[in-house]
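In: this one's structure only:
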Ligand SMILES: *Cc1c(COP(=O)(O)O)cnc(C)c1O
């Protein structure tokens with residue numbers, strides 16, 4: 001999840017400066033200067049309405065925190081809303097809570113006995129539409145299942161958790177425009193919280209600082225990690241609204257608090273790296289400079305379409321998924337035993353680039369700082385590898 005490249009002078013220096021002050025001091029009952037400054041910065045750039053920051057150290061923890069927070073919030077409001085809704089193909093991390101709201105059988109079925117029950121809704125996976133429709137013109141029928149679940153179970157549901165705009169680990173599933181906003185409306189209507197897991201899509205990945213911003217959505221809880229330190233150090237944050245925060249405050253004797261805290265939460269070195277990361281977004285106009293590169297990437301990907309075994313090319317900003325299929329007409333997938341994705345990525349190494357597959361999907365997620373020349377090199381290597389392996 002590298003953002004500005006390796007050995008970035010400003011981030012290196014920020015960590016060293018902080019190391020000369022203090023490497024760690026606890027956030028349990030205290031603050032530290034970089035954590036306070038970073039919280040202020042995060043709130044300034046987050047979707048309007050998010051007002052509070054709770055730190056942790058991985059995306060999975062950020063999600064655990066979001067789930068526990070939502071669950072506890074409704075207890076304070078005396079509502080028996082204890083369940084969650086997640087989408088098919090969802091990935092929210094590898095801890096028990098985040099796996100419980102995961103929608104990828106391969107990763108999750110082994111632990112079934114350990115997990116809590118969660119309601120499922122459809123994933124807006126247009127290429128393999130759960131309703132067999134075509135976008136546009138489908139009127140977002142894939143939301144029907146979510147509507148049904150909400151209608152039936154809203155009184156027992158604490159929150160809907162989603163990866164807005166792009167379901168990453170599920171295969172870079174890019175959502176049709178407007179559907180995330182519809183999900184927000186449905187949650188409002190049924191008094192269910194919306195948790196946006198922007199661990200993958202946050203910090204510029206989609207071409208916007210946050211994916212929620214692209215559709216003018218403010219989630220009730222926002223999970224951030226991966227790109228937060230520019231890819232340097234483990235840090236995560238769960239942001240929420242004043243309203244949710246206020247539900248947790250009261251008289252000492254009420255013993256109201258959010259019972260969660262990791263030893264290295266809000267680590268000052270990591271927060272210093274994160275502050276430098278955000279500083280670079282401003283100083284180097286990272287998002288502005290990214291836009292022509294996103295266009296270039298899209299244009300170059302057009303060439304891939306003619307390859308016989310490419311079923312779908314999905315792009316949102318600097319997230320690309322190229323889905324390889326055995327048969328383009330029928331969309332028949334390659335059997336997993338064929339290891340087609342792995343083979344393509346191994347071949348790409350011969351051309352000097354390291355790629356990673358998600359099953360039959362080849363993923364391109366370059367650092368935002370990549371130059372157009374390097375991007376071209378990456379695309380050429382991917383093209384050659386795909387055509388040689390599938391040809
Ligand atoms: C990577 C990821 C996580 C988990 O983050 P870790 O830091 O690896 O624990 C959670 N949600 C999404 C959407 C992710 O892509």
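Out: Alright, I've got the coordinates. Worth saying up front: this structure is predicted, and the values here are computed from it rather than measured.
In: mind listing what the residue in the stretch 201-350 of the chain positioned nearest to the ligand touches?
Out: Ranked by CB to the nearest ligand atom, the top residue of the stretch 201-350 of the chain for proximity to the ligand is residue 225, at 4.7 Å. Bear in mind the C-beta positions are built from the backbone N, C-alpha and C, glycine included. Shown in contact with residue 225 (CB atoms under 8 Å, 6 or more residues apart in numbering): 58-59, 62, 199, 202, 235-237.
In: and what of residue 189?
Out: Taking CB under 8 Å, 6+ apart, we find residue 189 in contact with residue 150.
In: equivalent analysis for residue 305, please.
Out: For residue 305, the contacting residues are residue 313, by CB under 8 Å, 6+ apart.
In: am I right that it sits in a strand?
Out: No: read with DSSP: H, G, I helix; E, B strand; the rest coil, residue 305 is helix and lies in no strand.
In: about what we covered before: which ones among the contacts of residue 225 are found in strands?
Out: Cross-referencing those against strands under DSSP state E gives 236-237.
In: where does the stretch 101-250 of the chain have low pLDDT?
Out: Along the stretch 101-250 of the chain, the model assigns pLDDT under 70 to no residue.
In: out of the contacts of residue 225, give me the two with the largest separation.
Out: Greatest spatial distance in those: 58 and 202, 13.9 Å, computed using CB to CB.
In: of these two, which one has the most company?
Out: residue 202 (28 against 19; other CB atoms under 10 Å).
In: identify the residue spatially nearest to the more buried one, adjacent ones excluded.
Out: Residue nearest to residue 202 in three dimensions, not counting chain neighbours: residue 224, with 4.9 Å by CB to CB, 6 or more residues apart in numbering.
In: what count of nearby residues applies to the one you found?
Out: Neighbours of residue 224 (other CB under 10 Å): 26.
In: who does it form a beta bridge with?
Out: Taking DSSP bridges as the rule, residue 224 bridges to residue 237.
In: where's the residue of the stretch 1-150 of the chain found nearest the ligand relative to residue 156, distance?
Out: Among the residues of the stretch 1-150 of the chain, residue 59 lies closest to the ligand, at 2.1 Å counting by CB to the nearest ligand atom. Per CB to CB, to the nearest Å, residue 59 is found 27 Å from residue 156.
In: which one of those two is surrounded by more residues?
Out: residue 59 (27 against 14).
In: any idea how many residues pack against residue 118?
Out: Using other CB under 10 Å, residue 118 has 18 other residues around it.
In: next, it: phi, psi?
Out: In terms of degrees, to the nearest 10, the main-chain angles of residue 118 are phi -140, psi 140.
In: which phi and psi does the nearest residue to residue 286 once chain neighbours are set aside have?
Out: Leaving aside its chain neighbours, residue 286 sits nearest to residue 368 (5.6 Å; criterion: CB to CB, 6+ apart). Backbone torsions of residue 368, given as degrees, to the nearest 10, read phi -60, psi -20.
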